[in-house]
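Chemist: Mind folding the following:
(one chain, ligands or ions: 3)
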Amino acid sequence: MHPKASGAGKESEGPSNAAYTDEALLADLLANTTELLSFYNRNFRLTHYAARLKGMYGGAVAQGAAIWEIYPSFLDSSCRDEFLRVFQGGSPTSIDLPRQSGEAPRSVFVFGTANGVGIRETREHGGRSAAEEQEHVILLHQATHDVLTGLQNRRRFGERLQQALAAIGGPKPKAALLQIDLDDFKAVNDTLGHGAGDTLLQLAAGRIRDALQDGESAYRYAGDEFAVIQLGKEQPAEAERLAGSLVDAFKEPFVINGIPVFVGSSIGIAFGPEHGTDGEQLMKAADIALYAAKTDGRGCARTFNRSMLLLLEQRENLRRSLRTALERGELYLEYQPLIRPPSSVIGFEALLRWRHPDVGIIPPSVFIPIAEADGLMDQIGRWVLEQACRQALTWPSSLTVAVNLSPAQFLSGSLTDTVAQVIDAVGIRADRLELEITETVLLEKTIDNIDTLNTLNVLGIRISLDDFGTYYSSLSYLKNFPFDTLKIDQYFITDLETDLKGQTIVRSIINLAHGLGISVTAEGVETSAQARWLIKENCDCLQGNLLGRPLDADATSDFVRRSAPKGGRAMEESNRAL
Ligand code: C2E
Ligand code: MG
Ligand code: MG
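Modeler: Residues are numbered from 1 along each chain as shown. Ligands and ions are numbered 1, 2, ... in the order given. Modelled structure (predicted):
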């Protein structure tokens, strides 16, 4: 909506009378009228508006904004019913808007249009001058809206949630609260900078806004947390539908400064009054559901249920005891053999375990995410590295040890120093150490990552790309980063015997890697048919229960001893398996 110059002196530059279209006339009118006019389509989205309205309401006024973002009162049943009557073809009417404390009385005149509805707002100034009134409205808007995204803010959210819960009743008695949290937002902010983080939040707010329908309003609640309140809907179906479209809306990458960034959304849903009769309770329930969505792999939505409380309590207990697990000696490593076909052990992968005094053995997939979230992974990772290197020193010097790195270790900025210190302190040859990283690590800090990997490379340490095939499997990683080994994820190995497409993919990965001078390890080899197929296709190294399950340090030493003179017992077992 660009106001066009129409002063007398500019006539020769301006459009001729003949070309003065309705659209241009409308633009002039809206740019200059003192009326607070706005027009909405049949989806309640703003299509045209007076420039003065924007002056009053700021960021909430934008093409495509929902009517209730500008006039939240239309979500209240009394105003909504009146409004819908006009919307459905009834005669124009004037609706008094509820007054906030300290606010001048306002009313809106709602009239039907060919495309939807138009609204003219009138205000009684109550003694204030027009300029004071405008200032007041802007201040009010600022107090209730988030400057960055234009969505309503936390304060407005709290008010609306209380109102929604108070208004529950009638034929569709539930209010739904959807708590939305962006996955990996922190990584974008930390790595691409706060400017990029702000852009991402604005784009995310836009996607949330676009997914909304009638009776739904969005808020930015804090940092990267958003919320939607849904009223007067068929539940739980409508909340689940909306959550589904919100999750889908975040599947496409956000392009920030020309870089595609994948940031998913996790959603927790709770219903009032079922899960909470006041705002605080309901928010807590939605938050717990959100937490469940995060731990169920993110990028998904979960609805609150009571058993989530139990899980939360368990996890809280785990979290507390993890803090002291390392010093209490509850963490230990197992080692899984890496086999070069047909039967040479070339090294072991160190896999972390936690022997909890009450719970028993807890797998890394459960506690590593907790350790990462609590900032413990840097310390634990260093311990793993040192422990694994010390263990490897007890093996023949031809054997390597592979250690998994978590993104937190990469992001700490001191990884290369730590690794250099550890190999120095332990006194192990650098080329006996292999570090395994996953693509998620690379996603997070592109430029520094190349530096880090190159430094490790120069130190003589080998680097594997773990779980290849499960994330984005971007070929540019293979081009840009100095990998020695690519580990094909078990996902592709499991169905290898029967899945022809899987075979084609694995064959192509092997050929591609070999073409780049990268060695290939197949993970999770469980059957001899899989092993035979992989050997036939020139896979360099096999790992999996067929060839050897992870063993504790002592059992690993036995395994090494048995397989030491070539043809030893352990190797005969492996040979038989193949
Ligand atoms: P990963 O690095 O891909 O490790 C391979 C996982 O596959 C291990 O699971 C291993 O026990 C399992 N595995 C190996 N062969 C077979 C098989 O034939 N069949 C099946 N079903 N599974 C097999 P684990 O030990 O539970 O570790 C899971 C993940 O946890 C690892 O995946 C790794 O990403 C992470 N992890 C383990 N230890 C560490 C560590 O010290 N630091 C970090 N940052 N991550 C670790
Ligand atoms: Mg690994
Ligand atoms: Mg793996």
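Chemist: and the nearest residue to residue 204 once chain neighbours are set aside, how far is that from ligand 1?
Modeler: The spatial neighbour of residue 204 that comes closest, neighbours along the chain excluded (Cβ to Cβ, 6 or more residues apart in numbering), is residue 182 at 6.0 Å. Yep, even glycine has a C-beta here, placed from its N, CA and C like the rest. When Cβ to the nearest ligand atom, to the nearest Å is applied, the distance between residue 182 and ligand 1 equals 23 Å.
Chemist: Kindly report the same for residue 318.
Modeler: Residue 318 is 16 Å from ligand 1, by Cβ to the nearest ligand atom.
Chemist: Which helix or which strand is home to residue 310?
Modeler: Using DSSP states H and E, the secondary-structure element containing residue 310 is helix 307-325.
Chemist: got it, and residue 218?
Modeler: Assigned by DSSP H and E, residue 218 belongs to strand 216-222.
Chemist: list the buried ones in that strand?
Modeler: 216-221 (16 or more other Cβ atoms under 10 Å).
Chemist: What's the mean pLDDT across it?
Modeler: Regarding strand 216-222, the rounded mean pLDDT is 91.
Chemist: Check which element follows it along the chain.
Modeler: From strand 216-222 onward toward the C-terminus, using DSSP H and E, the following helix or strand is strand 225-230.
Chemist: Quick one: residues in contact with the next helix or strand after that next one.
Modeler: Sequence order places helix 237-249 as the next helix or strand after strand 225-230, per DSSP H and E. Taking Cβ atoms under 8 Å, 6 or more residues apart in numbering as the criterion, the residues outside helix 237-249 that touch it are 176, 178, 180, 207-208, 210-213, 216, 228, 230, 233, 264-265, 267, 269, 271, 299-301, 303.
Chemist: ok, back up a step: quick one, the strand holding residue 218 and strand 225-230 angle?
Modeler: Regarding strand 216-222 and strand 225-230, their directions subtend 160 degrees when assessed with axes from the mean of the first three to the mean of the last three Cα atoms, to 10 degrees.
Chemist: What is strand 216-222 packed up against?
Modeler: With contacts defined as 3 or more Cβ pairs under 8 Å, 6 or more residues apart in numbering; DSSP states H and E, strand 216-222 has these neighbours: helix 67-70, helix 154-166, helix 194-211, strand 225-230.
Chemist: contacting residues for residue 165?
Modeler: Residues in contact with residue 165 (Cβ under 8 Å, 6+ apart) are 175, 272-273, 276-279, 282.
Chemist: Report the buried residues of the helix or strand where residue 479 lies.
Modeler: Secondary structure assignment for residue 479, by DSSP H and E: helix 475-480. When neighbours are counted by 16+ other Cβ under 10 Å, the buried residues of helix 475-480 are found to be 477-478.
Chemist: Counting by contacts, list what that helix packs against.
Modeler: Applying 3+ Cβ pairs under 8 Å, 6+ apart, one finds that helix 475-480 contacts helix 500-515.
Chemist: In the stretch 151-300 of the chain, which residue sits closest to ligand 3?
Modeler: When Cβ to the ion is the measure, the stretch 151-300 of the chain has its nearest residue to ligand 3 at residue 297, with 16.3 Å between them.
Chemist: Could you look up the SS state of that residue?
Modeler: Three-state call for residue 297 (DSSP: H, G, I helix; E, B strand; the rest coil): coil.
Chemist: what sits against the closest residue to residue 507 other than its chain neighbours?
Modeler: Distance criterion Cβ to Cβ, 6+ apart; nearest residue to residue 507, sequence neighbours excluded, is residue 537 at 5.5 Å. Under the criterion of Cβ under 8 Å, 6+ apart, the neighbours of residue 537 are 506-507, 510.
Chemist: Could you export these as JSON lines, including neighbour count, distance to residue 54 and pLDDT?
Modeler: Putting the contacts of residue 537 into JSON lines (neighbours: other Cβ atoms under 10 Å; distance: Cβ to Cβ, whole Å; pLDDT from 0 to 100) gives the following:
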{"residue": "506", "neighbour count": "23", "distance to residue 54": "57", "pLDDT": "96"}
{"residue": "507", "neighbour count": "16", "distance to residue 54": "59", "pLDDT": "97"}
{"residue": "510", "neighbour count": "21", "distance to residue 54": "59", "pLDDT": "97"}
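Chemist: would you turn those into TSV with distance to residue 425?
Modeler: Conversion of the contacts of residue 537 to TSV gives the following (distance: Cβ to Cβ, whole Å):
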residue	distance to residue 425
506	39
507	43
510	37
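Chemist: So which of these is the closest to ligand 3?
Modeler: For ligand 3, the closest of the contacts of residue 537 turns out to be residue 506, at 14.5 Å, with distances computed as Cβ to the ion.
Chemist: And the closest one, how far from residue 208?
Modeler: For residue 506, the distance to residue 208 equals 40 Å [Cβ to Cβ, to the nearest Å].
Chemist: next one: residue 476
Modeler: Going from residue 476 to residue 208 by Cβ to Cβ gives 30 Å.
Chemist: so residue 141 makes contact with residue 54?
Modeler: No - the pair residue 141 and residue 54 does not pass the contact test of Cβ atoms under 8 Å, sitting 10.5 Å apart.
Chemist: which bits of the stretch 451-578 of the chain sit near ligand 1?
Modeler: For the stretch 451-578 of the chain, the contact set with ligand 1 under Cβ under 6 Å from any ligand atom comprises 466-467, 490, 523-526, 543-545, 550.
Chemist: rerun at 5 Å
Modeler: The stretch 451-578 of the chain comes close to ligand 1 at residues 524, 526, 544-545, 550, as judged by Cβ under 5 Å from any ligand atom.
Chemist: Same question for the chain.
Modeler: With Cβ under 5 Å from any ligand atom as the criterion, the chain meets ligand 1 at residues 351-352, 363-364, 384, 404, 406, 524, 526, 544-545, 550.
Chemist: which among those residues end up buried?
Modeler: 351-352, 364, 384, 404, 406, 524, 544, 550.
Chemist: Helix, strand, or coil at residue 402?
Modeler: strand.
Chemist: What is the neighbour count of it?
Modeler: One way to gauge burial is a neighbour count; for residue 402, by other Cβ atoms under 10 Å, it gives 25.
Chemist: is it true that it touches residue 434?
Modeler: Yes - judged on Cβ under 8 Å, residue 402 makes contact with residue 434 at a distance of 4.2 Å.
Chemist: quick one: common contacting residues for these two?
Modeler: Both residue 402 and residue 434 are contacted by 347, 464, under the criterion Cβ under 8 Å, 6+ apart.
Chemist: Can you show me the helices along the stretch 251-400 of the chain?
Modeler: Assigned helices in the stretch 251-400 of the chain, in chain order: 279-295, 307-325, 364-373, 377-393 (criterion: DSSP state H, counting those that start in this stretch).
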